[in-house]
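>>> Take this sequence and fold it.
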Amino acid sequence: MRSDHVTKGVERAPNRSLFYALGYTKEELERPLIGVVCSYNEIVPGHMNLDKIAQAVKAGIRAAGGTPVEFPAIAVCDGIAMGHVGMKYSLVTRDLIADSTEAMAMAHQFDGLVMIPNCDKNVPGLLMAAARINIPTLFCSGGPMLAGRLNDGRRTCLSHMFEAVGAYHAGKLDGDGVEEYENCACPTCGSCSGMYTANSMNCLTEAIGMGLRGNGTIPAVWSARLRLAKHAGMQVMELVRQNIRPRDIMTKAAFRNAETVDMALGCSTNTMLHLPAIAHECGIELDLDQSNAISANTPNLCHLAPAGDTYMEDLEGAGGVYAVMKELTKKNLLDTGVLTCTGKTLGENLEGVVNRDTSLIRPIENPYSPDGGIAVLKGNLAPEGCVVKRSAVAPEMMRHQGPARVFNSEEEAIEAIYAGKIAAGDVVVIRYEGPKGGPGMREMLNPTSAICGMGLGESVALITDGRFSGATRGASIGHVCPEAAQGGPIALVQEGDLIAINIPGCTIELLVDDDELNQRRAAWVCPQPKIQTGYLARYAKLVTSAARGAVLE
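Numbers count the residues shown, from 1 in each chain. Sure thing, here's the model as predicted:
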């Protein structure tokens, strides 16, 4: 066993003495040592229950003959970090999580790992770490939050809460109405209740084969989540016995399966950052063109919030991610021969699975749309591509042309939106918010929610080299590459320039002739970085394009 390096032989007597200082017994050190990476903290609602998940995982490990050893991973709450400098520190934690987990696992020579993440950057960060370390590993997330209920019985969620602020500024909702949303939108612990980034990535952990059935959909407050955690602890011991490793599971075919499920579910656009980054750690390169090809062949089967009015608990009731995958197999859209963390193939896992609610998970013969939930657009404004959650765009905004309203930061844009300076037909452009320019590639949930809350979601588009929360809806186009700080065309847009968006045609064009753009390019001067010290300054020097997953090099 790997742990023999720290537990076996007279040369390791000093190492054992330190284990004894921790209270471990000789008998425990003779069993496989399983690292339990727990992201518990007291600031993220999706993580406040992870201490209980960790206890259940450790019980499962012990029941199956292993010795669990718990250590932490950090987590940021994107909702609390939203709308201020804190959001610059969200995406960047993905790499801190991966790096610190790699360091802990390698330093202490664990035989296997169980990862316990839940919210946005923990899942991809820990998947990146799993690929690097490449020892038997299983994921057991904390589970989604239940949907809230307003006083009149209507269900609600965090995206409604953000839009309520826009409605207040538009005079459509009073202070008492905002407070009602405030008190009702987030009723339990767990990752926020729609198909936002956290739940998207937890669902894709099942699709890629690294999580047991229900990992993405069993609510955080259900006892079934604790039973799942115990089974995860037991199953990691089986992976250790069979020496099944992450790179045996996360193959090129598995990533293709994950992207296919992504399109069917209508996941967050942030998956277009995270899947390439995870694949990169596996030695596999994913590109945005491949995503469009998969989307073109994958029907969109689900419209969970923010695209619709159903929630994660409803998806679980309908059969979860497995039921979605079962629908996809009807047209042979998945490679069912891939190995999974169950020790079985995907095809074996799907035997006997049924879709229990065809109004929530549409049959593949009757999808919401014949193509997937995410589209990659290219054109002279985004030569390397940009992304939009097509399933959450109003039909009238699928094709749009309008004048650019240009802002060099999120703060400038939100001030103009709240001041009523944005009109129907406008295209809001927010730049210098990319991985390097931000630095940190902030999410733009406040501006997009303000636009929707003010009743402009069906007439105004927003384009940015930053990114969007999974809670964003509307014609919100992010990840514009190259970003403004790298001299991308988005840096050359001027107030009033016409921009043409064609989501079905996957194009985005700045309607300015090449000679004019060349003159602007010659005159362009890159602004000084907004932050020049600390971790963000180092990150800005190392981070690559969003088109490559914003990986560090």
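>>> would His479 count as being in a helix?
No. Counting by DSSP: H, G, I helix; E, B strand; the rest coil, His479 is not part of a helix but strand.
>>> Who's the closest spatial neighbour of it, skipping the chain neighbours?
Spatially, and ignoring its direct neighbours in sequence, His479 is nearest to Ala546 (4.3 Å; C-beta to C-beta, 6 or more residues apart in numbering). Where you see a C-beta, it was placed from the backbone N, CA and C, and this is true even at glycine.
>>> Over to Met441?
Pro435 (4.6 Å).
>>> residues contacting the most centrally placed residue in the chain?
By C-alpha atoms, centre = their mean, the chain has its centre lying nearest to Thr197, at 3.5 Å. By C-beta atoms under 8 Å, 6 or more residues apart in numbering, the residues touching Thr197 are Asp78, Asp120, Ser268, Asn270, Thr271, Ser469, Gly470.
>>> helix, strand or coil for Ile53?
helix.
>>> how about the nearest residue to it, chain neighbours excluded?
Ala229 (4.8 Å).
>>> For the one you found, report the pLDDT, please.
Ala229 carries a pLDDT value of 98.
>>> what's next to the helix or strand that contains it, contact-wise?
If you go by DSSP states H and E, Ala229 is part of helix 223-242. Residues outside helix 223-242 that contact it (C-beta under 8 Å, 6+ apart): 32, 34, 52-54, 56-66, 68, 111-114, 116, 136-140, 142-143, 212, 214-215, 218-219, 245, 341-343.
>>> Of those, grab the buried ones for PyMOL.
Buried residues among these (16 or more other C-beta atoms under 10 Å), as a PyMOL selection:
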select buried, resi 32+34+52+53+54+56+57+58+59+60+61+62+64+66+68+111+112+113+114+116+136+137+138+139+140+142+143+212+214+215+218+219+245+341+342
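>>> Keep only those of the contacts of helix 223-242 that are in helices.
Per DSSP state H, helices hold the following members of the contacts of helix 223-242: Lys52, Ile53, Ala54, Ala56, Val57, Lys58, Ala59, Gly60, Ile61, Arg62, Ala63.
>>> you'd agree the second one is up against Gly142?
Yes. Taking C-beta atoms under 8 Å as the contact criterion, Ile53 and Gly142 are neighbours in contact, 5.6 Å apart.
>>> State the mean pLDDT of stretch 493-500.
98.
>>> quick one, what contacts Glu30?
Contacts of Glu30 by C-beta under 8 Å, 6+ apart are Thr7.
>>> same deal with the one 10 residues further on?
Tyr40 makes contact with His47, Met48, Leu50, Asp51, Ala54, Pro72, Ile116 under the criterion C-beta under 8 Å, 6+ apart.
>>> Quick one: end-to-end distance for stretch 5-22.
By C-alpha to C-alpha, to the nearest Å, the extent of stretch 5-22 from end to end equals 18 Å.
>>> what's it in contact with?
Here stretch 5-22 makes contact (C-beta under 8 Å, 6+ apart) with Leu29, Glu30, Leu33, His108, Gln109.
>>> Of those - the most surrounded one?
Tallying neighbours with other C-beta atoms under 10 Å puts Leu33 at the head of these, with 25 neighbours.
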